[in-house]
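J.: Just to be clear, the model below is a prediction. Sequence and coordinates:
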Amino acid sequence: MSAAVAEKIDDDLWSAIGDPTRRRMLDLLLIDGDGTATTLSQQMPVTRQAVAKHLGVLDRVGLVRATPAGREKRYRVDDAQLARAVAQLSSVGSAWDARLQRIKRIAEAIQRTQQD
Amino acid sequence: MEFGTIEREIYVEASPEIVFEVVSSPDHLKQWWPDDARYDPTPGSAGEIVFGDPEAGGGVVPFTVVDARPPRTFSFRWTHPAGETAAEGNSLLVTFDLTPSRGGTLLKMTETGFREMGWEIAVLEQQYQEHVKGWDFFLPRLAPYVATLRVRP
């Protein structure tokens, strides 16, 4: 996979998991084990059509896997892809944690120098 | 496009004046973040920060100072496309708020913007963490990012 393609997928993954409705759907799928647009829409304040659209987004980035179930599709969370998405998200938060730790160290070192 | 906010707070045993200097001056900035920083720490000043060697695959990232009120607030925008004026919608906004507390400073950092913009930069930074490895004191004691991410559709 070229770097450009990898980056595009990462952007899409980021976007897919950034949406609160889709995160709620992932939660429900993890709790229930699997679900269809119909079963998910019964547990959420959104229409079946909207849920189906969100499932399409999650499917495209590999966060869920679909199997045919009658006239519908049954979805499960792809554990490996979810773990990857969470790791990517946490890297941005931890980057700021690391920067703030360095700011603290530098400022406290200057403060000590001025007190001596 | 998703709008997200990262918020962090840290207590620093140094005066707000010192902390302000550390978060705002280009010379200090490159001690805690990029390899190089070129900007004037005054509102509206446009500059850039540099990760790695631009001649060898590194990156130059636009950086524009939004507000500078010593020793209370320093904010800037970054990641806007080169040549564009930084504004909401094309960049991430970072705000440092400093509050005197117990003889030191409570430093609050907020980064807001469309998360998609941060990704490419995060990858770039990841590649240039070498100069950071000497800082073995910042062992990650991190609240999981996902728990603190607030997203606005």
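T.: Thanks, I have it.

J.: CA only for contacts and neighbour counts going forward, please
T.: Fine.

J.: From what I see, residue B:32 and residue A:103 are in contact.
T.: Yes - counting by CA atoms under 8 Å, residue A:103 is a contact partner of residue B:32 at 6.1 Å.

J.: For the residue nearest the centre of chain A, give its distance to residue B:29.
T.: Chain A has residue A:17 as the residue nearest its centroid, 3.0 Å off, counting by CA atoms, centre = their mean. For residue A:17, the distance to residue B:29 (CA to CA, to the nearest Å) stands at 31 Å.

J.: Likewise for residue B:9?
T.: In terms of CA to CA, residue B:9 sits 18 Å off from residue B:29.

J.: of those two, who's got more company?
T.: Per other CA atoms under 10 Å in any protein chain shown, whichever of residue B:9 and residue B:29 has more neighbours is residue B:29, with 21 against 15.

J.: My reading is that the more buried one lies in a strand. Confirm?
T.: No - counting by DSSP: H, G, I helix; E, B strand; the rest coil, residue B:29 is not part of a strand but helix.

J.: what sits against it?
T.: With contact set as CA atoms under 8 Å, 6 or more residues apart in numbering or on different chains, residue B:29 has these partners: B:22-23, B:37.

J.: Point to the residue nearest the middle of chain B.
T.: Nearest residue to the geometric centre of chain B (CA atoms, centre = their mean): residue B:94, 5.7 Å.

J.: Bridged to residue B:11, which residues?
T.: Beta bridges link residue B:11 to residue B:106, judged by DSSP bridges.

J.: The residue nearest to the centre of chain A against residue A:25, yeah?
T.: No - counting by CA under 8 Å, residue A:17 does not reach residue A:25; the two are 10.2 Å apart.

J.: residue ranges with poor pLDDT in chain A?
T.: A:1-11, A:14, A:18, A:86-93 (pLDDT under 70).

J.: can you give me the helices for chain A?
T.: A:3-18, A:20-32, A:37-41, A:48-60, A:79-115 (DSSP state H).

J.: So for residue B:52, which of the ones you listed sits nearest?
T.: For residue B:52, the closest of the helices of chain A is helix A:79-115, at 16.2 Å, according to CA to CA.

J.: Is stretch A:38-49 positioned near chain B?
T.: No - contact of stretch A:38-49 with chain B (CA under 8 Å from any CA of the partner chain) is absent, the minimum separation being 14.5 Å.

J.: which residues in chain B form strands?
T.: B:3-12, B:36-38, B:46-51, B:59-69, B:73-78, B:92-101, B:104-114, B:150-152 (DSSP state E).

J.: Dump these into TSV; add mean pLDDT as well.
T.: Shown next, in TSV, are the strands of chain B (pLDDT from 0 to 100):
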stretch	mean pLDDT
strand B:3-12	81
strand B:36-38	94
strand B:46-51	92
strand B:59-69	94
strand B:73-78	96
strand B:92-101	94
strand B:104-114	87
strand B:150-152	45
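
J.: show me the contacts for residue B:111.
T.: Residue B:111 makes contact with B:5-7, B:92-95, according to CA under 8 Å, 6+ apart.

J.: near chain A too, which of the residues you listed?
T.: residue B:6.

J.: biggest separation within the contacts of residue B:111, which pair?
T.: Largest pairwise distance in the contacts of residue B:111, by CA to CA, is 13.1 Å, between B:7 and B:92.

J.: more crowded one of those two?
T.: Between residue B:7 and residue B:92, residue B:92 has the larger neighbour count (other CA under 10 Å), namely 26 against 18.

J.: The more buried one reaches residue B:110, doesn't it?
T.: No - taking contacts as CA under 8 Å, residue B:92 lies outside contact range of residue B:110: 10.1 Å.

J.: related to what we said a few turns ago, winner for burial among the strands of chain B?
T.: strand B:73-78 (a mean of 24; mean count of other CA atoms under 10 Å in any protein chain shown).

J.: hmm, that strand in reach of chain A?
T.: No - if you take CA under 8 Å from any CA as the test, strand B:73-78 misses chain A, and the best it gets is 13.7 Å.

J.: Show me what that strand is packed up against.
T.: Here strand B:73-78 touches helix B:16-24, strand B:59-69, strand B:92-101, going by 3 or more CA pairs under 8 Å, 6 or more residues apart in numbering or on different chains; DSSP states H and E.
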